[in-house]
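Enquirer: heads up, no residue letters with this:
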């Protein structure tokens with residue numbers, strides 16, 4: 001679609017006509033000498049006398065080009081533009097960090113598929129988390145994997161395909177055998193430090209209890225609260241187990257409630273899917289759709305045409321003038337010379 005940024009400037013198109021009608025012509029008087037034998041003198045010197053009043057003359061080409069150039073200049077001043085189709089951009093309003101426990105205990109094959117086959121915990125988690133990520137099309141998502149240490153595996157991104165590919169390459173035991181929950185929360189806080197999103201959510205999944213993080217989980221949760229981060233915790237595994245494999249739901253509850261989050265149980269695949277389905281509901285996608293129409297300026301085209309017309313006209317007039325002078329010289333050279341003597345009759 002084409003449009004003019006300043007269409008009101010087209011009102012000055014008749015301005016040259018108004019000036020021509022309203023303002024008087026420029027006149028200039030000069031002293032002159034009257035000679036009674038002027039025609040003898042001019043014919044001897046081969047000069048063509050001009051009328052006493054000198055009025056600049058215009059040709060038909062000048063009368064045609066002048067209004068065209070004026071119209072093109074006014075059109076350029078009105079700033080013609082081409083409005084391109086609207087472009088929509090999604091601006092996420094939430095950054096969502098997923099911290100996944102991939103300690104050695106995630107190798108335990110105590111999950112079952114729909115047909116009854118055994119499935120490792122880590123494989124069940126990757127399947128459920130992948131479906132969760134696929135549904136969050138307009139949220140920036142980051143991934144943290146933790147075990148004996150915590151590692152950022154993807155920064156916050158809208159490229160969910162890349163996040164899913166990297167998630168598929170993670171496996172149990174890659175981060176060590178232990179479970180450092182506090183360190184995972186601390187790393188998430190650092191990842192959120194450069195986030196401009198108003199809504200910040202950390203979903204923490206673990207199948208064990210903290211085994212000696214440098215930052216205690218409760219203290220890390222308090223710092224997360226101060227930074228506006230809500231932590232939802234998904235417990236995975238048997239709460240009645242012993243040692244590091246025991247899921248300490250009491251500690252997980254303290255982490256979640258300290259930030260206004262919730263705790264979910266995922267002892268089996270069905271419960272795990274329900275947990276992430278609930279998380280999908282309580283953290284609805286938060287985004288704004290920005291729409292704008294790119295504009296391309298076109299004023300240079302009518303301006304360029306006007307300049308080319310003016311240059312072309314003056315070049316043409318110059319060539320015609322040169323040709324006319326050459327023709328006049330050839331004609332004079334063919335004429336017979338006349339006497340330089342003339343008589344004055346009194």
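Expert: Structure's in. What do you need? Just so it is clear, the model here is predicted, and its values are computed rather than measured. Numbers count the residues shown, from 1 in each chain.
Enquirer: could you pull out the helices for the protein?
Expert: 15-22, 38-44, 60-77, 121-135, 160-169, 181-192, 217-226, 249-258, 269-282, 300-334 (DSSP state H).
Enquirer: so for residue 113, which of those sits nearest?
Expert: Checking the helices of the chain against residue 113 by Cβ to Cβ gives helix 269-282 as the closest, at 7.5 Å. (Each C-beta comes from the backbone N, C-alpha and C, glycine too.)
Enquirer: how about residues contacting the closest one?
Expert: 111-113, 119, 124-125, 128-129, 131-132, 135-136, 203, 232, 234, 236, 262, 264-266 (Cβ atoms under 8 Å, 6 or more residues apart in numbering).
Enquirer: got it, and stretch 2-20?
Expert: 66-67, 70-71, 74-75, 77-83, 298.
Enquirer: weed out the non-buried ones from these.
Expert: For the contacts of stretch 2-20, a burial check counting by 16 or more other Cβ atoms under 10 Å picks out 74-75, 77-81, 298.
Enquirer: looking at those residues, which is nearest residue 208?
Expert: For the buried ones among the contacts of stretch 2-20, the nearest to residue 208 is residue 81 (62.5 Å; Cβ to Cβ).
Enquirer: hang on, that closest one packs against residue 295?
Expert: Yes. Residue 81 lies in contact with residue 295 (Cβ atoms under 8 Å); the separation is 4.8 Å.
Enquirer: returning to what we had before: including pLDDT and distance to residue 62, could the buried ones among the contacts of stretch 2-20 go into TSV?
Expert: Formatted as TSV, the buried ones among the contacts of stretch 2-20 follow (pLDDT from 0 to 100; distance: Cβ to Cβ, whole Å):
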residue	pLDDT	distance to residue 62
74	93	19
75	93	20
77	93	22
78	92	25
79	92	28
80	91	26
81	90	32
298	91	27
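Enquirer: helices and strands of this protein: which one has the lowest mean pLDDT?
Expert: The least trusted helix or strand in the chain, going by mean pLDDT, DSSP states H and E, turns out to be strand 287-292, with a mean of 61.
Enquirer: if we can go back for a sec, any of the contacts of helix 269-282 buried? List them.
Expert: 111, 124-125, 128-129, 132, 136, 203, 232, 234, 236, 262, 264-266.
Enquirer: among these, which two are most distant?
Expert: Of all pairs in the buried ones among the contacts of helix 269-282, the most separated under Cβ to Cβ is 111 and 136 at 23.0 Å.
Enquirer: tell me where the model's unsure across the stretch 51-200 of the chain.
Expert: Applying pLDDT under 70 to the stretch 51-200 of the chain flags residues 51-56, 88-93.
Enquirer: so which bits of stretch 138-157 are buried?
Expert: Buried residues in stretch 138-157 (16+ other Cβ under 10 Å): 139-148, 150-154, 156.
Enquirer: I'd like the average pLDDT over stretch 224-236.
Expert: Averaging pLDDT along stretch 224-236 yields 91.
Enquirer: ok, and what's touching that stretch?
Expert: With Cβ under 8 Å, 6+ apart, stretch 224-236 has contacts from 101, 121, 125, 185, 188-189, 192-193, 198, 200-207, 221, 247, 249, 252-253, 255-256, 258-267, 272, 275-276, 279, 282-283.
Enquirer: what bridges to the nearest residue in space to residue 1 that is not next to it in sequence?
Expert: In space, and not counting its chain neighbours, residue 1 is closest to residue 83: 4.5 Å by Cβ to Cβ, 6 or more residues apart in numbering. Using DSSP bridges, the bridge partners assigned to residue 83 are residue 295.
Enquirer: what separates residue 83 from residue 3, distance-wise?
Expert: Computed with Cβ to Cβ, to the nearest Å, the distance linking residue 83 and residue 3 is 6 Å.
Enquirer: got the buried residues for stretch 263-280?
Expert: Result for stretch 263-280 [16+ other Cβ under 10 Å]: buried residues 263-267, 269, 272-273, 275-276, 279.
Enquirer: dump these into a markdown table; add distance to residue 97 as well.
Expert: Below are the buried residues of stretch 263-280 laid out as a markdown table (distance: Cβ to Cβ, whole Å):
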| residue | distance to residue 97 |
| --- | --- |
| 263 | 17 |
| 264 | 16 |
| 265 | 21 |
| 266 | 18 |
| 267 | 24 |
| 269 | 23 |
| 272 | 18 |
| 273 | 20 |
| 275 | 17 |
| 276 | 15 |
| 279 | 13 |
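Enquirer: from these, pick the one nearest residue 303.
Expert: Among the buried residues of stretch 263-280, and counting by Cβ to Cβ, the member closest to residue 303 is residue 279, at 59.2 Å.
Enquirer: report pLDDT for the closest one.
Expert: 83.
Enquirer: one more: residue 18?
Expert: 88.
Enquirer: can you tell me which of the buried residues of stretch 263-280 lies nearest to residue 240?
Expert: Nearest to residue 240 among the buried residues of stretch 263-280, with distances taken as Cβ to Cβ, is residue 267, at 10.1 Å.
Enquirer: what distance do you get for that closest one to residue 128?
Expert: 13 Å.
Enquirer: kindly report the same for residue 114.
Expert: Distance from residue 114 to residue 128, by Cβ to Cβ: 13 Å.
Enquirer: also residue 178?
Expert: Counting by Cβ to Cβ - residue 178 and residue 128 are separated by 23 Å.
Enquirer: verify the stated contact: the residue nearest to residue 1 with residue 292.
Expert: No. Look at residue 83 against residue 292 with Cβ under 8 Å: they stay out of range, at 10.6 Å.
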